[in-house]
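Enquirer: Sequence and predicted structure, then a few things I'm wondering about:
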Amino acid sequence: MIKDSALIVVDMIYDFIDGSMACLEADKAVANTVAYIKENHPYPILFVRDHHPANHCSFAAQGGPWPPHCVQGTRGAEIHKDLLPFVEDELCFFKGENPAEEQYSGFQGINTAGQSLQEVLELMEVKNPIVCGIATEYCVRNTAEDLLKAGFKVTVLKDCLAYVEAEGHKKALEAMQAEGIRLV
Ligand code: VGL
Ligand code: ZN
């Protein structure tokens, strides 16, 4: 395990795994994340959760690009059961709750105590966050880039990612690497 680190698991949520926005390689990404956690005992483990109201602006009915997904109170908004043993409520950060705003990045996600992911990382003196999750092209990339901009040294676990499109996944990985995000 890397010193001063934390694992940030992004949107390993049913709608991105087997639901309305099922992503490629999602089962593998979840299994590899569980294996990574068991082998490395990363601490802390933070979870980002896409968590939309039913009328969210990113849904097609409102003119957005996506089918309804991760709607608050539905199974599709829940974290995969294999990860639940590692979830602590105060380390879950919700995003996309404002109906009028798209929010791909988990960086400004908020826990139920009202603390942001950024704030909690700083409180825990995390310097070297490790990111995995779904989808590479959207939430993973935006979260990793926001961390980098804020001065964190960022690592992405490339075998623990799922994606909307193979080509977009590949391009996002190349872009992140060129920006200084470490891929392992
Ligand atoms: C995401 C599309 C819509 C993501 C969230 O987490 O990558 N993508 N909402
Ligand atoms: Zn969303």
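Expert: Looks like it arrived, so ask away. Ligands and ions are numbered 1, 2, ... in the order given.
Enquirer: Would you pull up the residue in this structure closest to ligand 2?
Expert: When you check the chain against ligand 2 by CB to the ion, the closest residue turns out to be residue 50, at 4.2 Å. For the C-beta atoms, the positions are set from N, CA and C on the backbone; glycine is no exception.
Enquirer: For that residue, give the beta-bridge partners.
Expert: When bridges are taken as DSSP bridges, the partners of residue 50 come out as residue 95.
Enquirer: Now do the contacts for the most far-flung residue of the chain relative to its centre.
Expert: Among the residues of the chain, the one whose C-alpha is farthest from the average of all C-alpha positions is residue 61, by CA atoms, centre = their mean at 24.6 Å. Each residue near residue 61 by CB atoms under 8 Å, 6 or more residues apart in numbering is listed here: 55, 68.
Enquirer: Assign a three-state SS to it, would you?
Expert: Under the three-state scheme (DSSP: H, G, I helix; E, B strand; the rest coil), residue 61 adopts helix.
Enquirer: ok, it to residue 10 distance?
Expert: In this structure, residue 61 and residue 10 are 25 Å apart, going by CB to CB, to the nearest Å.
Enquirer: Check which residues of whichever helix or strand residue 146 is part of are buried.
Expert: Using DSSP states H and E, the element containing residue 146 is helix 141-149. The neighbour-count criterion (16 or more other CB atoms under 10 Å) identifies 141-148 as the buried residues of helix 141-149.
Enquirer: is it anywhere near ligand 1?
Expert: No. In terms of CB under 6 Å from any ligand atom, no part of helix 141-149 sits within range of ligand 1; the closest distance is 7.8 Å.
Enquirer: Stretch 114-127 now?
Expert: No. Under the criterion of CB under 6 Å from any ligand atom, ligand 1 is not reached by stretch 114-127; the shortest gap measures 13.8 Å.
Enquirer: cool, stretch 176-184 as well?
Expert: No. Judged by CB under 6 Å from any ligand atom, stretch 176-184 and ligand 1 are separated, with a smallest distance of 13.9 Å.
Enquirer: buried residues in that stretch?
Expert: 176, 181.
Enquirer: Would you mind writing the CA trace of it as CSV?
Expert: Included here for stretch 176-184 are C-alpha records, laid out as CSV according to Å, rounded to 0.1, in the frame of the first residue of the first chain:
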residue,chain,number,x,y,z
MET,A,176,-5.0,11.0,-17.7
GLN,A,177,-1.5,9.5,-18.1
ALA,A,178,-0.3,12.5,-20.1
GLU,A,179,-1.6,14.8,-17.4
GLY,A,180,0.5,13.1,-14.8
ILE,A,181,-2.0,10.6,-13.3
ARG,A,182,-0.2,7.3,-12.6
LEU,A,183,-1.8,4.1,-14.0
VAL,A,184,-1.1,0.8,-12.3
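Enquirer: so how many other residues sit close to residue 115?
Expert: Close neighbours of residue 115, defined as other CB atoms under 10 Å, add up to 16.
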